[in-house]
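Engineer: dropping a prediction and its sequence here:
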Amino acid sequence: MSAPSEFVDQILSTRGTMPSSERKKMWQDHEIPQFRDHLKSRIIQLSEEWKAEKTVREQETSKRRSGDVLEVEALSSEGEVDIVEDIQSVKARTAGPRQNQLATRFRG
């Protein structure tokens, strides 16, 4: 979009239908495949960057978790009583039958 203000003016001032050839010329229809290719390459580039950052974050998280386990083991041997915290992972509740999700209505 080289001139957004011109496009907005054209949209707001145009009434009724416009011939296809004129619309294609105004909206620079011949450049659309290039815009799509550019957008596709940009999305792929950002996806690869995100995947690389995600693997780094996951590795850091796993290193921190393994480090936390070692620290807990070192701390637990210092005292007479070991306090162990049991954390259960919370699972997402799967949707049951459709009947359970709907409100029960009473007629009377």
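Structural biologist: Structure received. Numbering: from 1, shown residues only.
Engineer: now stretch 47-57 - C-alpha only, PDB.
Structural biologist: What follows is stretch 47-57, C-alpha atoms only, in PDB (Å, rounded to 0.1, in the frame of the first residue of the first chain):
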ATOM      1  CA  SER A  47       8.700 -18.500  12.100                       C
ATOM      2  CA  GLU A  48      12.200 -19.700  12.000                       C
ATOM      3  CA  GLU A  49      13.400 -17.000  14.400                       C
ATOM      4  CA  TRP A  50      10.600 -17.900  16.800                       C
ATOM      5  CA  LYS A  51      11.400 -21.600  16.600                       C
ATOM      6  CA  ALA A  52      15.100 -20.900  17.400                       C
ATOM      7  CA  GLU A  53      14.100 -18.700  20.300                       C
ATOM      8  CA  LYS A  54      11.700 -21.300  21.600                       C
ATOM      9  CA  THR A  55      14.400 -24.100  21.600                       C
ATOM     10  CA  VAL A  56      16.700 -21.800  23.500                       C
ATOM     11  CA  ARG A  57      14.000 -21.000  26.100                       C
END
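Engineer: tell me the buried residues in it?
Structural biologist: Using 16 or more other Cβ atoms under 10 Å as the test for burial, stretch 47-57 gives no buried residues. (C-beta placed from N, C-alpha, C; glycine too.)
Engineer: for this structure, which spans come out with low pLDDT?
Structural biologist: For the chain, residues meeting the criterion pLDDT under 70 lie at 1, 67-84, 86, 88-108.
Engineer: quick one: the helices in it?
Structural biologist: Per DSSP state H, the chain carries helices over the ranges 4-13, 20-26, 32-76, 98-101.
Engineer: okay if I get these as JSON lines plus distance to Ile87?
Structural biologist: Shown next, in JSON lines, are the helices of the chain (distance: least, Cβ to Cβ, whole Å):
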{"stretch": "helix 4-13", "distance to Ile87": "52"}
{"stretch": "helix 20-26", "distance to Ile87": "61"}
{"stretch": "helix 32-76", "distance to Ile87": "12"}
{"stretch": "helix 98-101", "distance to Ile87": "29"}
